[in-house]
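Student: No sequence on hand, only this structure:
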């Protein structure tokens with residue numbers, strides 16, 4: 001048989017394993033004689049099935065479409081927003097920042113329970129300094145009653161390279177320096 005407890009959403013966890021004979025240790029509140037309908041003997045397991053929380057908005061991924069990032073260019077970022085809760089979310093805000101500067105915002109009008117959606121935007125490196133940059137996508141503001149704020153953001157670290165090191169562009173494509 002199964003009983004309920006709390007644990008991560010959608011998981012089944014064993015609570016106790018034993019047998020239905022009278023050899024269970026005294027004083028164990030889970031111990032005792034357990035009779036099956038047909039009076040058979042054997043082992044049993046008690047499991048818990050954990051229901052999803054009512055409200056749990058999440059960002060499940062965040063990435064740039066390019067492995068190399070150069071100054072004076074634009075790059076597309078992609079965000080996957082998910083609803084791990086049991087209720088439909090309305091007007092879910094997603095914000096992308098570089099430090100304190102907001103570089104993109106989106107609003108998802110409706111996101112049904114158990115579904116996800118993809119968003120994208122553009123990050124410009126025009127005027128950006130070379131070196132390390134940190135981008136963050138986050139749900140903003142967090143929905144009222146969100147049960148897990150820990151999954152409401154994702155970060156990407158990016159190394160912006162000098163534009164003078166960028167491969168030349170030929171007919172809309174980067175030239176292949178190793179081509180014959």
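Tutor: Cool, got the structure. Computed from a predicted model, the values in this text were never measured in an experiment. Numbering: from 1, shown residues only.

Student: contacts, neighbours, all on C-alpha from now
Tutor: OK.

Student: ok, now which ones touch residue 147?
Tutor: Contacts for residue 147 (C-alpha atoms under 8 Å, 6 or more residues apart in numbering) come out as 53, 54, 55, 56.

Student: If we use 7 Å, what do you get?
Tutor: Applying C-alpha atoms under 7 Å, 6 or more residues apart in numbering to residue 147 gives the contacts 53, 55, 56.

Student: any idea how far it lies from residue 58?
Tutor: 10 Å (C-alpha to C-alpha, to the nearest Å).

Student: wait, is residue 159 part of a strand?
Tutor: Yes. Under DSSP: H, G, I helix; E, B strand; the rest coil, residue 159 falls within a strand.

Student: burial measure for residue 63, as a count.
Tutor: Residue 63 has 20 neighbours, counted by other C-alpha atoms under 10 Å.

Student: Show me what it is bridged to.
Tutor: Partner residues in beta bridges with residue 63, using DSSP bridges, are residue 78.

Student: How about residues contacting stretch 103-110?
Tutor: Against stretch 103-110 from outside (C-alpha under 7 Å, 6+ apart): 88, 89, 90, 91, 92, 93, 94, 95, 96, 97, 121, 123.

Student: Following element in sequence after the host helix or strand of the fifth one, please.
Tutor: So that's residue 92. According to DSSP states H and E, residue 92 maps onto strand 89-98. Under the assignment DSSP H and E, the closest C-terminal helix or strand after strand 89-98 is strand 101-111.

Student: Now that following strand: buried residues?
Tutor: 103, 104, 105, 106, 111 (16 or more other C-alpha atoms under 10 Å).

Student: now, among those residues, which is nearest to residue 81?
Tutor: Using C-alpha to C-alpha, residue 111 comes nearest to residue 81 of the buried residues of strand 101-111, at 8.9 Å.

Student: who touches the closest one in this structure?
Tutor: Counting by C-alpha under 7 Å, 6+ apart, residue 111 has contacts 83, 88, 89, 90.

Student: tell me which helix or strand of this structure sits lowest on mean pLDDT?
Tutor: strand 2-3 (a mean of 38; mean pLDDT, DSSP states H and E).

Student: re the thing from before, which residues do residue 147 and residue 58 both contact?
Tutor: Between them, residue 147 and residue 58 share no contacting residue, judged by C-alpha under 7 Å, 6+ apart.
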